[in-house]
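Participant: Okay, sequence plus prediction incoming.
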Amino acid sequence: MPDLGADVVARLRAAGVERGGFVGLALRDGLGVGFAAGDAAFGVDAAAPVDVVRTVEDALQPRWVEWSNDVASVLVEGGLRLARCWDIAAVHRLLFGGWRADPARVIAVLSDLPTSGIPAMGQLNLLDATGDDGSDFDNPLRPDGYLRPEWVGGGWADSAERMARWAATALATQAHQQRRLAVLDAPARASAAARSESAAELLCAELAADGLPIDVARAEEIIASFVGPRTSSEADAAAERARRDAEVLRHVPASNDIDLRNPAGVKSLLNRVGVDVPNTRAWRLEPFRDAHPVVDAVLTWRKAERIATTYGYAWLDEHVVDGRLRGAWTGCDGAAGRMTAQAGLHNLPADMRDAVAAEPGYVFVRADLGQIEPRVLAAISGDRQFAAATADDDMYAPVAARLGVERAIAKVAVLAAMYGQTSGNAGQALRGLETAYPVAMEYLRAADEAGRDERDLRTHGGRLLRMWPTPDHLDGRERRAVANARGRFARNAMVQGAAAELFKTWAVTVRARAAVHGARIVLCLHDELLVHAPVAAADTVAAVLDDCLQEAASRWAPDRAVRFVADTSIITRWSDAKP
DNA sequence: ATCGTAGGCGCC
DNA sequence: AAAGGGCGCCTACGAT
């Protein structure tokens, strides 16, 4: 077997790995610990990450272990893209819910120690000085099992021996994790989900480093169309703001003292023209658009103000460098487990999407999952009738036929059932759903009930959904409101969380399979992937995206009763996508 | 001066 | 009576 270890170590060192927090762990024959990691089986190759998922069930294969994706970020910066890993923080979030997953917390939770007892830096120095003889300080763990806080801040990187100990601690933590996976009552899916979620952390590090290709000149045009040209001085900017404000205020006499950026000001402005609203949200103002010209002016102003403040020149200058929009990514939020992104990557206004453009010689291969949440509900609930509807490209059509209602009504009813909505005009169709698809509806009802009763849940992939307590001081009505909110959250999170797991499995499969074609994922958007691919590889990559969906679906839900579909297209600008 | 909250809105 | 879930990010405002 070729010894590539030295080469890998050199590359890790060149990447500043010691400073960045790499746990430096290789698992070889189940025992080896240290930094001499890597041969072909590790897939440590910047040019061609391979097999992120193909070997995902094989827990015995060598696998890099990292405390969190901070490590992956350092490696990516140094030109190293791991094929797969075990991300301790990601697995911790999966198994124990919430978002906090620093090493001290992970170790405490795995050791059944109360997190309230985690020692803080400072007080432990005192304990060490009085209690220990100091020789044991080289052990990252205290006798009581808690992590020594001195090790948290980077003390582990003082020497090669210490780095090895820290690596061994990570290894032990991983072993502990795996034991937990087996003994906890988490579903068997949790083991696969742990690997998928870990790979997603690697993807996050790469997304943050690569960024989303932006046509900066086009972005400037779009911004200018909303808020006017770029200003060179603060005075000019203020004048531009005043000009936009005046366009609204001119509709109402003696209103120059009103601050449009203060909702209360907008409310009083509307009051003066006889429009009385409880708040000034756009959907509430919409019906009054014809009542007085100032309403339309306010709505137009709001849209421009959104561009000016959030997606304007300042945003462009801060987050778009060298034609790439970059922001931090997390593999899961603290609730249902969807990915999150900063710098506006997940909430770019539709009007701005014309500025998202493939670079010369490249195209975007874009694919979004069709009706992902109801299809996921069919899979996780095991409702055979609902699953049968997924055979249709548009599953709302057979559902509507079965309920004897318009498609639009059926769609609203299904969404209402998943989101916990009880108002509106979906009521009749909702009752039809109960009759036609009792298994799926019972699944949602049970989740809702667990949420109301403050009972934690696990998603299909084993993510713990923790229910927050009702504060003691609330009165009866308030308590019911909190319980209702928990019920809605639980009902939705079981579906949304499972959909996120399927999506991430799809994404990391694409990451692995598309790399050899020179293609990279540049955006993940909950049910949509944007892949930057060489023109010559576009058709191949499009096929890869579809193949990967079937592969991911079969891994995520081996029951093939549910059909998953993707709408895939090859485009040069994001705005070319069909709405 | 710094912080958390509320209202608001962008996306899914 | 009744208020759909998640996230990020902006501003104004009131608390500390």
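Facilitator: Great, that's in hand.

Participant: Surely A:E359 touches A:H532?
Facilitator: Yes: applying CB atoms under 8 Å as the test, A:E359 and A:H532 come out as touching, 7.3 Å apart. Every residue, glycine included, has its C-beta placed from N, CA and C.

Participant: Between those two, tell me which one has more neighbours.
Facilitator: A:H532 (22 against 13; other CB atoms under 10 Å).

Participant: Show me what that one is bridged to.
Facilitator: Per DSSP bridges, the residues bridged to A:H532 are A:F364, A:R520.

Participant: in whichever strand or helix holds A:F503, what counts as buried?
Facilitator: Here A:F503, judged by DSSP states H and E, is contained in helix A:476-514. Residues A:482-483, A:486-514 are the ones in helix A:476-514 that count as buried (16 or more other CB atoms under 10 Å).

Participant: How about that helix and DNA strand C, touching?
Facilitator: Yes: using CB under 7 Å from any atom of the strand, helix A:476-514 reaches DNA strand C at A:477, A:481, A:484-485, A:488-489, A:492-493, A:496.

Participant: Which of those residues sits closest to DNA strand B?
Facilitator: Distance to DNA strand B, by CB to the nearest atom of the strand, is smallest for A:Q496 among the residues of helix A:476-514 next to DNA strand C, at 7.9 Å.

Participant: show me the contacts for that closest one.
Facilitator: A:336, A:338, A:373 (CB atoms under 8 Å, 6 or more residues apart in numbering).

Participant: likewise A:I222?
Facilitator: A:I222 touches A:351-352, A:354-355, counting by CB under 8 Å, 6+ apart.

Participant: Which PyMOL command selects the buried ones in those residues?
Facilitator: Selecting only the buried entries of these in PyMOL, with 16+ other CB under 10 Å as the criterion:
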select buried, chain A and resi 351+352+354+355
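
Participant: The contacts of A:I222: which ones sit near DNA strand B?
Facilitator: Among the contacts of A:I222, the residues lying close to DNA strand B (CB under 7 Å from any atom of the strand) are A:D351.

Participant: As CSV, the contacts of A:I222 with secondary structure, distance to A:V565 and pLDDT would be great.
Facilitator: Converted to CSV, the contacts of A:I222 look like this (DSSP: H, G, I helix; E, B strand; the rest coil; distance: CB to CB, whole Å; pLDDT from 0 to 100):
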residue, secondary structure, distance to A:V565, pLDDT
A:D351, helix, 28, 88
A:M352, helix, 28, 91
A:D354, helix, 27, 93
A:A355, helix, 29, 95
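
Participant: and which of the contacts of A:I222 is nearest DNA strand C?
Facilitator: Distances from DNA strand C to the contacts of A:I222, taken by CB to the nearest atom of the strand, are shortest for A:M352, at 13.2 Å.

Participant: Just the closest residue of the stretch 101-250 of chain A to DNA strand B, please.
Facilitator: A:F226 (10.6 Å).

Participant: That residue: how many residues sit nearby?
Facilitator: A:F226: 19 neighbours (other CB under 10 Å).

Participant: how about it, what does it touch?
Facilitator: A:303-304, A:307-308, A:351.

Participant: for A:S554, same thing?
Facilitator: A:R560.

Participant: make it 10 Å
Facilitator: A:505, A:560, A:564 (CB atoms under 10 Å, 6 or more residues apart in numbering).
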